[in-house]
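[1] What follows is a protein structure lacking sequence information:
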């Protein structure tokens, strides 16, 4: 009897195992097909050698610009103030008012001059921003509040500013274009410098039902050595890298547990990358980020 029972148990186990394999096969194959079809991209591999926690005044930090090894210029999305943050003391050392309260989202620095972008496309030029006799000029770009502009960077090679809309683009739903603002003419050029095709294969893993939500830029920066364009998204954290000709090289998913809401990006003169995060489940901060898979 013991032999018969063991034999029966063996047969039952075999039948169950075959059944499980039959069920598992299609699931595994389906997952494999989906990963291939969606061009699965693993999260970025990176080191974060330094993190600076920010004071409460910068809980809503929305724009970041490198000044020197110890200081960053920052704006936040409520006050018309440029904050100077010192990394040695982890404190705000200076604050320069340029406008009344508003939704300020991007900052760029060119020597003694600063530029700040408001979300409705209104641009501020603050000459000698750190001086008591600073001069402030304003002009409206071709954008409006429906475009929701959060990005700004200075392109030193061409003496211009670059920006790209977070929401609706001037050219329609399937593109987010990078536009230039001429510093000589103080005008925005409608022909884009580069185009982000939201249907591009490298964006397939992140595709949304509403195509315009596939990638929503929160800031932009240019690598000083490679001239690659780095475009950050804060809503669903990711980092896009394009070459100088506007070709998408890669799109990195960023870990939301680390990058709570990345809203600012900048480079040092020697090519170190810095990303700032608004306060959400953790304190607002600036992080030095080293991408390991470049």
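    Ah, there it is. All of these numbers come straight from a predicted model, not from anything done at the bench. Residues are numbered from 1 along each chain as shown.

[2] wait, doesn't residue 126 sit right on residue 136?
    Yes: Residue 126 is in contact with residue 136 according to CB atoms under 8 Å; the separation is 5.4 Å. From N, CA and C alone the C-beta is placed, and that goes for glycine too.

[3] intersection of neighbour lists for those two?
    Residues touching both residue 126 and residue 136 (CB atoms under 8 Å, 6 or more residues apart in numbering) are residue 98.

[4] higher neighbour count, these two?
    residue 126 (25 against 15; other CB atoms under 10 Å).

[5] did I read that right, the more buried one in a strand?
    Yes: per DSSP: H, G, I helix; E, B strand; the rest coil, residue 126 lies within a strand segment.

[6] Who are the contact partners of it?
    With CB under 8 Å, 6+ apart, residue 126 has these contacts: 82, 96, 98, 113, 114, 115, 116, 134, 135, 136.

[7] burial count for the fifth one?
    With neighbours defined by other CB under 10 Å, the count for residue 114 comes to 26.

[8] Looks like residue 76 contacts residue 58 (just checking).
    Yes: the pair residue 76 and residue 58 passes the contact test of CB under 8 Å, sitting 5.6 Å apart.

[9] shared neighbours, those two?
    residue 83.

[10] Can you select the buried ones from the contacts of residue 126 in PyMOL?
    Buried subset of these, written as a PyMOL selection, criterion 16 or more other CB atoms under 10 Å:
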select buried, resi 82+96+98+113+114+115+116+134
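
[11] Switch the contacts of residue 126 over to a markdown table; also include secondary structure, distance to residue 292 and pLDDT.
    Below are these laid out as a markdown table (DSSP: H, G, I helix; E, B strand; the rest coil; distance: CB to CB, whole Å; pLDDT from 0 to 100):
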| residue | secondary structure | distance to residue 292 | pLDDT |
| --- | --- | --- | --- |
| 82 | strand | 33 | 98 |
| 96 | strand | 37 | 97 |
| 98 | coil | 38 | 97 |
| 113 | strand | 35 | 98 |
| 114 | strand | 33 | 98 |
| 115 | strand | 32 | 98 |
| 116 | strand | 33 | 98 |
| 134 | coil | 41 | 95 |
| 135 | strand | 44 | 97 |
| 136 | strand | 42 | 97 |
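
[12] Out of the contacts of residue 126, which comes closest to residue 106?
    residue 116 (6.9 Å; CB to CB).

[13] show me the contacts for the residue nearest to the spatial centre of the chain.
    With distances taken as CA atoms, centre = their mean, the residue of the chain nearest its centroid is residue 232 (1.3 Å). By CB under 8 Å, 6+ apart, residue 232 lies in contact with 151, 217-221, 238-240, 262-265, 275.
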